[in-house]
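Participant: Starting from these lines, generate the structure:
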Amino acid sequence: MADAVLDRLTAGNMFDLRGVVAVVTGGGTGIGLMMSTTLVANGATVYIIGPKQADLDRIADTYNGAAQKTNREGRMYGIEGDIRRKSEATRLATEVGKREKHVTVLFNNAGIHAGAFERPPPGSTAEDFRAAYFDGVSEEAFDDSMHTNAIGPYWLTFAFLPMLEKWKESPGGAQFAPQIIMTSSLNGWSKDPATSSFSFPYMYSKSAIGHATASLAHELLPLGIRVNGIAPGLFVTEMTSPSSADAVGQSHLPPGKILGYEAPIAQTSGTNRDMGALVLFLVSNWFVDGETVLIDGGTLLKFPSSF
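Facilitator: Numbering: from 1, shown residues only. The predicted structure follows:
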């Protein structure tokens with residue numbers, strides 16, 4: 001009996017994602033790509049959603065070729081869509097439903113950063129603050145940030161609920177529970193805009209989705225569908241370092257480039273392995289619901305926050 005217990009608790013068994021179907025918005029770049037490649041590496045079928053089909057196909061072909069070459073069962077498929085729109089949420093759920101009988105996990109991950117300002121220096125007047133925070137931030141920055149980072153995930157959550165519920169009836173439904181995972185940010189709790197590269201639209205939208213996670217988890221208790229969140233700190237992506245992605249979509253900090261702040265631990269930014277480990281934990285764990293996991297290298301230990 002003891003050998004059966006040990007076998008059940010091996011990483012290979014706990015994180016065997018064959019049969020799992022995942023949808024990852026923003027899954028072709030940045031943190032989303034860290035999520036989707038982790039899922040594929042462990043056997044899942046992954047649908048990545050983004051704004052340009054050609055870009056999604058290129059990434060999917062790259063990793064499907066690598067998976068086939070190394071005899072991995074996981075595969076990745078791209079579907080173009082605008083996740084800000086209610087009508088698009090319905091269409092995307094229908095598109096996935098044409099190909100799959102169910103969905104195991106929906107990652108509401110896509111996000112944008114807009115509306116950055118330059119903080120006025122010490123001794124500035126109210127007029128200086130108005131110029132920086134009011135004149136320098138457009139209505140479009142707030143609209144796009146809120147719809148992409150917070151409102152779109154609401155539409156997608158409910159559009160995909162029927163397919164998530166169907167997962168419980170699938171042969172693999174006994175191993176993993178259906179779940180929705182929101183990507184918020186440490187900036188949903190930080191009180192210092194420096195951690196957001198000085199963008200209040202970003203901080204507002206990430207605060208909204210961060211706090212909505214637990215409310216949605218509460219509301220979906222009758223369905224047995226969990227809702228959890230991931231709150232990343234500094235990860236090198238095209239958002240934090242534009243035009244830094246290599247041929248396989250991985251972003252790297254250019255030599256000599258210094259970011260606005262660094263995580264206080266020796267490793268100054270998160271890696272795909274860090275994010276992947278958290279993804280596997282959340283997908284495989286049945287006993288976490290309504291929680292947001294902070295993965296920030298200790299950043300909020302230095303900045304004032306409410307986390």
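Participant: ok, which stretches of the stretch 101-250 of the chain are strands?
Facilitator: 105-108, 179-183, 226-232 (DSSP state E, counting those that start in this stretch).
Participant: The first one packs against which elements?
Facilitator: For strand 105-108, the contact count by 3 or more CB pairs under 8 Å, 6 or more residues apart in numbering; DSSP states H and E identifies strand 21-25, helix 152-159, strand 179-183 as packing neighbours. C-beta: built from backbone N, CA, C; applies to glycine.
Participant: can I get these in CSV with distance to Ala116 and mean neighbour count?
Facilitator: Listed next are the helices and strands packed on strand 105-108 as CSV, based on distance: least, CB to CB, whole Å; neighbours: other CB atoms under 10 Å:
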stretch, distance to Ala116, mean neighbour count
strand 21-25, 23, 27
helix 152-159, 21, 22
strand 179-183, 19, 26
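Participant: re the thing from before, out of the strands of the stretch 101-250 of the chain, the one nearest His218 is which?
Facilitator: Of all the strands of the stretch 101-250 of the chain, strand 226-232 sits nearest to His218, with 8.6 Å by CB to CB.
Participant: In the stretch 1-150 of the chain, what residue spans correspond to helices?
Facilitator: Here the stretch 1-150 of the chain has its helices, by DSSP state H, counting those that start in this stretch, at 2-8, 11-14, 30-41, 53-69, 86-99, 126-130, 139-146.
Participant: ok, Leu156 touching Val96?
Facilitator: No. Using CB atoms under 8 Å as the test, Leu156 is too far from Val96 to be in contact (10.8 Å).
Participant: who's in contact with the helix of greatest length in the chain?
Facilitator: As assigned by DSSP state H, the longest helix anywhere in the chain is helix 200-219. Around helix 200-219, the neighbours that count as contacts under CB atoms under 8 Å, 6 or more residues apart in numbering are 108, 111, 113-115, 117, 133, 137, 141-142, 144-146, 148-150, 153-154, 157, 180, 182-185, 187-190, 193, 196, 226-229, 231, 289-292.
Participant: if we go to 7 Å?
Facilitator: The contact list for helix 200-219 (CB atoms under 7 Å, 6 or more residues apart in numbering) reads 113-115, 137, 141-142, 145-146, 149-150, 153, 157, 182, 184-185, 187-189, 193, 196, 226-229, 231, 289-290, 292.
Participant: Could you pull up the residues touching the residue most central in space within the chain?
Facilitator: For the chain, the residue sitting closest to the mean C-alpha position, by CA atoms, centre = their mean, is Asn109 at 3.0 Å. By CB under 7 Å, 6+ apart, the contact list for Asn109 reads Val24, Thr25, Gly26, Gly27, Ile31, Gly32, Met35, Thr183.
Participant: Take those residues and write them to a markdown table, including pLDDT and distance to Thr125.
Facilitator: Formatted as a markdown table, those follow (pLDDT from 0 to 100; distance: CB to CB, whole Å):
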| residue | pLDDT | distance to Thr125 |
| --- | --- | --- |
| Val24 | 98 | 46 |
| Thr25 | 98 | 42 |
| Gly26 | 97 | 40 |
| Gly27 | 97 | 45 |
| Ile31 | 95 | 39 |
| Gly32 | 96 | 42 |
| Met35 | 98 | 45 |
| Thr183 | 98 | 38 |
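Participant: Report the buried residues of stretch 298-307.
Facilitator: Thr299, Leu300, Phe303, Ser305 (16 or more other CB atoms under 10 Å).
Participant: for stretch 8-15, that is, sorry about that
Facilitator: Those would be Phe15, for stretch 8-15 by 16+ other CB under 10 Å.
Participant: Tell me how far Val283 lies from Ile295.
Facilitator: 15 Å (CB to CB, to the nearest Å).
Participant: Give me the more crowded residue out of these two.
Facilitator: The residue with more neighbours, out of Val283 and Ile295, is Val283; 25 against 18, by other CB atoms under 10 Å.
Participant: Can you give me the neighbour number for Arg85?
Facilitator: Counted with other CB under 10 Å, Arg85 comes out at 15.
Participant: Run through the residues that contact the closest residue to Ser199 other than its chain neighbours.
Facilitator: In space, and not counting its chain neighbours, Ser199 is closest to Ala116: 4.6 Å by CB to CB, 6 or more residues apart in numbering. Contact analysis of Ala116 by CB under 7 Å, 6+ apart lists Ser197, Phe198, Ser199.
Participant: Nearest to Glu262 among those residues?
Facilitator: Ser197 (13.2 Å).
Participant: what about the closest one, neighbour count?
Facilitator: Using other CB under 10 Å, Ser197 has 17 neighbouring residues.
Participant: quick one: low-confidence parts of the chain?
Facilitator: 172, 241, 243-244, 256, 258-261, 266 (pLDDT under 70).
Participant: No further queries at this time; thank you.
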